[in-house]
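Enquirer: Got a sequence here, can you model it:
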Amino acid sequence: MSQKKENDVRFTSYPLKLPQLTKPNKFSFANFFNSLLTRSSNSLPNSSLLCSASLSFLRPSTTPPPLLCSASLSLDSVHSANPPEPSSAPAPAHAPAQPKLGSGGAAYSAARSDEERVLISEVLVRNKDGEELERKDLEAEALAALKASRANSALTVREVQEDVHRIIDSGYFFSCMPVAVDTRDGIRLVFQVEPNQEFHGLVCEGANVLPTKFIQDAFRDGYGKVVNLKRLDEVITSINGWYMERGLFGLVSDVEILSGGILRLQVAEAEVNNISIRFLDRKTGEPTKGKTKPETILRQLTTKKGQVYSMLQGKRDVDTVLTMGIMEDVSFIPQPAADNGKVDLIMNVVERSSGGFSAGGGISSGITSGPLSGLIGSFAYSHRNVFGRNQKLNISLERGQIDSIFRVNYTDPWIEGDDKRTSRTIMVQNSRTPGNLVHHQPGNDSLTIGRVTAGVEFSRPLRPKWSGTAGLFFQHAGAHDGKGVPIIKDRFNSPLTASGKTHDDSLIAKVESVYTGSGDQGSSMFVLSMEQGLPFWPEWLFFSRVNARARKGIEIGPARLLLSLSGGHVVGNFSPHEAYAIGGTNSVRGYEEGAVGSGRSYVVGSSEISFPVLGPVEGVIFSDYGTDLGSGPTVPGDPAGARMKPGSGYGYGLGIRVDSPLGPLRLEYALNDKQTKRFHFGVGHRN
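Expert: Purely as a prediction, here's the structure:
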């Protein structure tokens with residue numbers, strides 16, 4: 001019996017079991033010659049396929065040769081690690097007296113005798129009864145396996161023993177007994193063999209996850225043929241390899257050839273008996289009491305009780321738990337279960353701190369002038385594990401020269417009782433953002449858009465790399481001048497609201513589908529979103545909006561080509577300040593924010609080639625193009641026409657990017673189609 005240990009889980013495997021053999025009679029011979037043959041036998045390598053083999057030299061009635069008297073060598077169990085004890089039976093009467101030698105002299109004589117050769121006149125292969133084999137192809141296989149044993153050749157005991165092993169190693173025979181007989185023409189060497197049974201059926205036990213087709217294909221070519229143990233060993237290796245490639249704890253534990261040529265294959269698969277969570281202290285590593293409810297972690301796992309344990313599946317489960325954001329370290333420890341053949345899984349987790357206060361900063365794309373152009377400061381409180389259920393609370397305040405956003409988000413990443421992993425986010429937000437993107441005010445007059453938004457959003461994975469989102473939001477929005485006074489028209493007498501009042505109200509239903517490749521910024525991505533204004537009250541806006549964004553990254557040697565395309569269209573009664581603004585750092589570079597156009601429709605395309613420069617620094621060459629598709633005049637008040645926006649334009653240039661804790665820092669120099677030059681600075685990836 002042998003044991004295999006992997007990740008603290010032990011599996012027991014057994015050697016091949018073949019039908020009980022009738023062991024040949026062992027003849028008595030002198031201690032010296034017995035010691036010689038035993039030493040020769042033990043010097044041979046063990047064979048996992050050999051079950052029984054014997055070597056006999058029969059003494060004819062005439063005077064025996066000087067080397068070979070009446071002797072028999074039995075290799076009954078090569079699996080045993082202990083050599084057989086020399087026979088203690090008395091020597092035959094005709095056996096010569098043994099010389100009295102010391103241990104050194106005996107070893108020398110044995111070595112010398114082992115190398116002495118006997119001339120063989122004929123080599124034959126016969127069955128155990130000494131008769132010709134019924135199947136000549138098996139006789140040919142046995143003869144082909146011989147290396148030293150040839151007619152008219154001088155052989156040593158060791159060479160004959162090695163040929164016995166070669167016949168057994170051919171895989172077609174489960175016993176071989178070479179017999180040397182002195183004849184009129186010389187010594188005839190006969191290899192008496194017993195072939196394996198013909199394969200007529202298969203019984204496979206314990207293979208719950210191994211596909212039936214895989215087993216059938218592995219044994220398909222063997223039906224009706226003599227079982228070849230060498231080929232059988234290759235099939236077993238392929239089955240074990242199937243488990244190993246998939247990270248599954250499984251292997252072939254037992255093989256037995258039953259009567260009638262039925263092959264019984266026993267497979268051991270380690271099923272998961274129990275899964276438990278163990279919390280460890282961050283500093284000492286000792287077990288401690290955790291804040292997270294164990295069921296919150298367990299429901300994240302795809303590994304379940306009763307399944308065959310998969311290391312690959314376990315690794316994915318570890319990654320899934322880490323993405324919850326509440327664990328610092330996660331590991332799976334498999335251990336043997338009390339129930340033999342099963343495994344207990346212990347997940348060790350180290351919790352992160354639940355949350356706290358933080359501060360930071362950023363850049364606003366809506367402000368392009370002033371001593372503190374676009375700078376934003378932020379202050380936030382977050383709790384990552386509310387009630388120990390991985391629910392998240394975020395309260396944040398962002399404040400800039402004009403911008404301000406106060407936001408409260410409460411997210412349950414996985415609604416209890418839902419088997420589709422649906423998340424729910426409840427959001428309340430009060431924001432003030434620049435209105436210059438659409439309604440740019442000449443001079444020092446500023447225009448801001450105030451919005452109060454509240455709603456709920458549900459998200460869930462749809463299929464691998466695809467996710468879906470649906471939500472319902474209420475929005476109260478209006479425009480204000482630099483002093484915070486509500487206004488309904490800009491300096492060009494263009495309306496700022498759709499209702500003609502100081503504020504527009506709308507109830508918006510939103511549906512979005514997202515495809516992400518590897519998740520990297522340079523990978524493939526596609527986003528399609530649709531919004532519908534629901535006029536449950538006569539004053540509420542009624543409109544339909546659709547937006548789409550696509551991105552594709554292509555590796556070109558050390559460089560990367562990134563192609564992106566975005567577009568959108570809105571119909572119905574919508575607020576003019578919600579028109580699509582084209583131009584700026586995240587749109588068409590070389591233009592100010594929103595300086596290309598403002599329309600009901602838009603298309604923006606971009607291409608970039610980035611390449612490494614030094615360490616975290618990358619160089620970038622880019623070109624952008626954007627157009628409102630002639631929809632600028634359809635926006636109420638035509639704010640783009642009043643400001644002489646061209647409606648389309650392009651820009652190109654180069655820049656550098658540096659990785660930072662805040663995200664990539666982007667500094668770009670662009671030239672537009674009006675030959676106007678402009679620097680752009682941004683934090684994070686382009687939208």
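
Enquirer: Every contact and neighbour count from this point should use C-alpha atoms.
Expert: Will do.

Enquirer: where in the protein is pLDDT low?
Expert: For the chain, residues meeting the criterion pLDDT under 70 lie at 1-114, 362-374, 443-445, 519-522, 687.

Enquirer: where along it do the helices fall?
Expert: Here the chain has its helices, by DSSP state H, at 31-42, 103-115, 136-145, 157-169, 212-219, 229-245, 294-298, 311-322, 639-642.

Enquirer: counting contacts, what elements does the last one pack onto?
Expert: Counting contacts by 3 or more Cα pairs under 8 Å, 6 or more residues apart in numbering; DSSP states H and E, helix 639-642 packs against strand 597-599.

Enquirer: strands paired with the strand it packs on, and their directions?
Expert: According to DSSP bridges, strand 597-599 has the following sheet partners: strand 580-582 (antiparallel).

Enquirer: got the contact list for the partner strand?
Expert: Contacting residues not belonging to strand 580-582 are listed as 437-438, 568, 588, 593-602, 604, 626-628 [Cα atoms under 8 Å, 6 or more residues apart in numbering].

Enquirer: switch the cut-off to 10 Å
Expert: Residues from elsewhere that reach strand 580-582, judged by Cα atoms under 10 Å, 6 or more residues apart in numbering: 436-439, 567-570, 587-589, 591-604, 625-628, 631-632, 635, 640, 645, 647-649.

Enquirer: follow-up on the earlier one: quick one, which of the helices of the chain is nearest to Val683?
Expert: Each of these was checked against Val683 via Cα to Cα, and the shortest separation belongs to helix 311-322, namely 26.4 Å.

Enquirer: Return the set of buried residues in the closest one.
Expert: If you call a residue buried by 16 or more other Cα atoms under 10 Å, then helix 311-322 has these buried ones: Met311, Gln313, Gly314, Asp317, Val318, Thr320, Val321, Leu322.

Enquirer: And stretch 248-264, by the same measure?
Expert: Going by 16+ other Cα under 10 Å, stretch 248-264 has these buried residues: 248-258, 261-264.

Enquirer: Determine how far the last residue of it lies from the first.
Expert: Chord length of stretch 248-264, first to last residue, is 22 Å (Cα to Cα, to the nearest Å).

Enquirer: thinking again about what came up before, return the subset of the contacts of strand 580-582 lying in strands.
Expert: Among those, the ones falling in strands (DSSP state E) are 567-570, 597-599, 601-604, 625-627, 648-649.

Enquirer: Now rank those residues by neighbours and give me the top one.
Expert: Within the ones in strands among the contacts of strand 580-582, neighbour counts (other Cα atoms under 10 Å) peak at Ser598, which reaches 35 neighbours.

Enquirer: so that residue bridges to which residues?
Expert: Ser598 has the following beta-bridge partners by DSSP bridges: Ala581.

Enquirer: That one: what's it in contact with?
Expert: Going by Cα under 10 Å, 6+ apart, Ser598 touches 437-439, 576-583, 627-628, 630-635, 638-641, 645-648.

Enquirer: Let me have the helices of the chain in CSV, extended by distance to Lys304.
Expert: CSV is the format used below for those (distance: least, Cα to Cα, whole Å):
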stretch, distance to Lys304
helix 31-42, 49
helix 103-115, 61
helix 136-145, 50
helix 157-169, 43
helix 212-219, 23
helix 229-245, 18
helix 294-298, 9
helix 311-322, 10
helix 639-642, 60
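
Enquirer: Nearest to Gln197, out of the ones you listed?
Expert: Between Gln197 and these, the shortest separation by Cα to Cα is 10.7 Å, and it involves helix 229-245.

Enquirer: Can you report how many residues neighbour the nearest residue in space to Arg231 that is not next to it in sequence?
Expert: Spatially, and ignoring its direct neighbours in sequence, Arg231 is nearest to Gly171 (7.2 Å; Cα to Cα, 6 or more residues apart in numbering). Under the neighbour criterion other Cα under 10 Å, Gly171 is assigned a count of 22.

Enquirer: is it true that Gly171 touches Glu194?
Expert: No. Under the criterion of Cα atoms under 10 Å, Gly171 makes no contact with Glu194, lying 11.4 Å away.

Enquirer: Can you get me a residue count around the closest residue to Asn409 other than its chain neighbours?
Expert: Excluding its sequence neighbours, the residue lying closest to Asn409 (Cα to Cα, 6+ apart) is Met427, at 4.7 Å. Counted by other Cα under 10 Å, the residues lying close to Met427 total 17.

Enquirer: Relative to Thr453, how far out is Met427?
Expert: Met427 is 8 Å from Thr453, by Cα to Cα.

Enquirer: Stretch 650-659: how far from the chain's middle?
Expert: Counting by Cα atoms, centre = their mean, to the nearest Å, stretch 650-659 is centred 36 Å from the centre of its parent chain.

Enquirer: hey, what's Ala670 bridged with?
Expert: Partner residues in beta bridges with Ala670, using DSSP bridges, are Gly653, Arg678.

Enquirer: Wait, it touches Gly583, no?
Expert: No. Under the criterion of Cα under 10 Å, Ala670 makes no contact with Gly583, lying 12.0 Å away.

Enquirer: Give the residues shared as contacts by the two.
Expert: The overlap between the contact sets of Ala670 and Gly583 (Cα under 10 Å, 6+ apart) consists of Arg589, Gly590, Tyr591, Asp624, Tyr650, Gly651.

Enquirer: Now for the residues you listed: which two are most distant?
Expert: Tyr591 and Asp624 (10.5 Å).

Enquirer: so what sits against both of these two?
Expert: Each of Gly583, Gly649, Tyr650, Gly651, Ala670, Asn672 lies in contact with both Tyr591 and Asp624 under the rule Cα under 10 Å, 6+ apart.

Enquirer: wait, isn't Ser331 in contact with Ser276?
Expert: No. Taking contact to mean Cα under 10 Å, the distance of 11.9 Å between Ser331 and Ser276 leaves them out of contact.

Enquirer: what sits in contact with each of these two?
Expert: Residues touching both Ser331 and Ser276 (Cα under 10 Å, 6+ apart): Ile346, Met347, Asn348.

Enquirer: got the residues you listed as JSON lines, with distance to Pro486 and neighbour count columns?
Expert: Written out in JSON lines, the entries for the shared contacts of Ser331 and Ser276 read as follows (distance: Cα to Cα, whole Å; neighbours: other Cα atoms under 10 Å):
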{"residue": "Ile346", "distance to Pro486": "61", "neighbour count": "16"}
{"residue": "Met347", "distance to Pro486": "58", "neighbour count": "19"}
{"residue": "Asn348", "distance to Pro486": "57", "neighbour count": "19"}
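
Enquirer: out of these, which are inside strands?
Expert: Where these overlap with strands, as defined by DSSP E, the overlap consists of Ile346, Met347, Asn348.

Enquirer: Can you give me the separation between Phe565 and Ser607?
Expert: I think there's a mix-up here, since residue 565 is Leu and not Phe. To Ser607, Leu565 is 9 Å away according to Cα to Cα.

Enquirer: Mind listing the shared neighbours of these two?
Expert: Shared contacts of Leu565 and Ser607, defined by Cα under 10 Å, 6+ apart, are found at Arg551, Lys552, Asp624, Tyr625.
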